[in-house]
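1. Below are the sequence and a predicted model; questions follow.
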Amino acid sequence: MDIRCERVYDWTPEDGTFPVLVDRLWPRGVKKERLAGVQWDKDIAPSADLRKDFHSGALGFEEFSGRYTDELEGSDAGQKLLARTKEAGASVVVLLYASKDKKENHALVLADYLRGL
């Protein structure tokens, strides 16, 4: 299975893909109609406290990644997401995120975690 990460603001729908919004909060300025048919998986997003600590600068990306991976390992959300992708008959899951930073964000950590399952 192919796992991609894309900013929700740059994303365009593609046949054969399974797009999932993986943010806990709805992205600013994005109308619900634009993401019609996209699943919103809040359960797979980092916890509110972890997200706040990372965005405030209290945690570096490496420590955030470790803590988020621990959260994912303590949950079945990753397995559920992959199962829904297979049930939909898609070979590509697109993890949609709103972060401006394309190099250090939770979707990249999530993608690595999912590839390991």
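-> It's in.

2. can you pull up the bridge partners for residue 39?
-> With DSSP bridges as the criterion, residue 39 is bridged to residue 20.

3. What residues does it make contact with?
-> By C-beta atoms under 8 Å, 6 or more residues apart in numbering, the contact set of residue 39 is 18, 19, 20, 21, 84. Quick note: C-beta positions are derived from backbone N, CA and C, even for glycine.

4. if I've got this straight, the last one is in a strand?
-> No: going by DSSP: H, G, I helix; E, B strand; the rest coil, the assignment for residue 84 is helix, not a strand.

5. now the strands: where do they sit in this structure?
-> 2-7, 17-21, 39-40, 92-97 (DSSP state E).

6. quick one: the residue of the chain most remote from its centre from residue 52, how far?
-> Centroid-distance maximum for the chain: residue 58 at 21.3 Å, with C-alpha atoms, centre = their mean. Distance of residue 58 to residue 52, computed by C-beta to C-beta, to the nearest Å: 8 Å.

7. Repeat that for residue 13.
-> 31 Å.

8. What of residue 63?
-> The gap separating residue 63 from residue 52 is 14 Å, by C-beta to C-beta.

9. likewise residue 89?
-> Distance, residue 89 to residue 52, by C-beta to C-beta: 37 Å.

10. who's more crowded, the two?
-> A count of neighbours by other C-beta atoms under 10 Å puts residue 52 above the other of residue 89 and residue 52, at 12 against 8.
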